[in-house]
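**Student:** I'd like to go over a predicted model; first the sequence, then the structure.
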Amino acid sequence: GESVGLHLPTLSVQEGDNSIINCAYSNSASDYFIWYKQESGKGPQFIIDIRSNMDKRQGQRVTVLLNKTVKHLSLQIAATQPGDSAVYFCAENRDNFNKFYFGSGTKLNVKP
Amino acid sequence: SQTIHQWPATLVQPVGSPLSLECTVEGTSNPNLYWYRQAAGRGLQLLFYSVGIGQISSEVPQNLSASRPQDRQFILSSKKLLLSDSGFYLCAWSGGEDQPQHFGDGTRLSIL
């Protein structure tokens, strides 16, 4: 399944499928990006980050892709599990004070 | 390892009452510290950030203030709460530029 950020705030996928969550950022000067996972009633949890000198970065079951030309960021989750159900936020660092600006989030529902 | 603590986890306050939310970080020195507010089903709005003791920058005009009396202590305050101050308040820290922010588990504030 694939979301387009603000236009599809909820993404439902079957357990075991791959998930793709998209995010459009606004500032072409942003040079550092982070994906966070937020479970209900908790603070956001760091998943993976990427700097603007990279196009792709992989972690355990997750991959982040950065397309600076169109200012687009995506998070791919392989073999999605029920524990992946949460809201996912992208965040961009626009300046030198380590201030991040967050998207509105995409809710991922994993169906067993 | 570094840890961040926020308290209380939930708080119910009457309109016009004062507020003090506390955040402390352990296991690091001279962190950047942040206060965010999150409305239900929304992204995070940066309220204040601090790069050192006594150094506070405000992102948006509002009924709240922040203070950093010690290196690893960040306090969010208000003299008179408004109904619009309800929300989920999150504290975060980072090690500096181009470093991810790490969040506490937040305080759910309800104003009656």
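**Tutor:** Perfect, I can see it now. Residues are numbered from 1 along each chain as shown, chains lettered A, B, ... in the order given.
**Student:** And for the closest residue to residue A:17 other than its chain neighbours, the neighbour number?
**Tutor:** In space, and not counting its chain neighbours, residue A:17 is closest to residue A:80: 5.7 Å by CB to CB, 6 or more residues apart in numbering or on different chains. Just so you know, the C-beta spots here come from the backbone N, C-alpha and C atoms, and that holds for glycine as well. Neighbourhood size, residue A:80 [other CB atoms under 10 Å in any protein chain shown]: 23.
**Student:** check which helix or strand covers residue A:80.
**Tutor:** Using DSSP states H and E, residue A:80 sits within no helix or strand.
**Student:** go on, residue B:46?
**Tutor:** strand B:44-52.
**Student:** List the neighbouring strands of that strand plus their orientation.
**Tutor:** strand B:32-38 (antiparallel), strand B:55-58 (antiparallel) (DSSP bridges).
**Student:** Just want the most central residue of chain B.
**Tutor:** The residue lying closest to the centre of chain B (CA atoms, centre = their mean) is residue B:35, at 3.1 Å.
**Student:** pLDDT-wise, which helix or strand of chain A ranks last?
**Tutor:** Across the helices and strands of chain A, mean confidence by mean pLDDT, DSSP states H and E is lowest for strand A:100-102: a mean of 87.
**Student:** Return the distance of that strand from the chain's centre.
**Tutor:** 12 Å (CA atoms, centre = their mean, to the nearest Å).
**Student:** following it, which helix or strand comes up?
**Tutor:** Next along the chain after strand A:100-102, taking DSSP H and E as the criterion, comes strand A:106-111.
**Student:** Check which residues of that following strand are buried.
**Tutor:** Neighbour-count burial for strand A:106-111 flags A:106-108, A:110 (criterion: 16 or more other CB atoms under 10 Å in any protein chain shown).
**Student:** which other helices and strands contact it?
**Tutor:** Packing contacts for strand A:106-111, counted by 3 or more CB pairs under 8 Å, 6 or more residues apart in numbering or on different chains; DSSP states H and E, involve strand A:10-14, strand A:19-24, strand A:86-93.
**Student:** Just want the angle from the shortest one to strand A:86-93.
**Tutor:** Going back to what we said before, that points to strand A:10-14. Counting by axes from the mean of the first three to the mean of the last three CA atoms, to 10 degrees, strand A:10-14 lies at 130 degrees to strand A:86-93.
**Student:** Can I get strand A:10-14 in PDB, CA atoms only?
**Tutor:** This file holds the C-alpha atoms of strand A:10-14, laid out as PDB (Å, rounded to 0.1, in the frame of the first residue of the first chain):
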ATOM      1  CA  THR A  10      -4.700   6.600   7.000                       C
ATOM      2  CA  LEU A  11      -3.000   3.700   5.300                       C
ATOM      3  CA  SER A  12      -4.300   0.200   5.800                       C
ATOM      4  CA  VAL A  13      -2.100  -2.800   4.800                       C
ATOM      5  CA  GLN A  14      -2.200  -6.500   5.300                       C
END
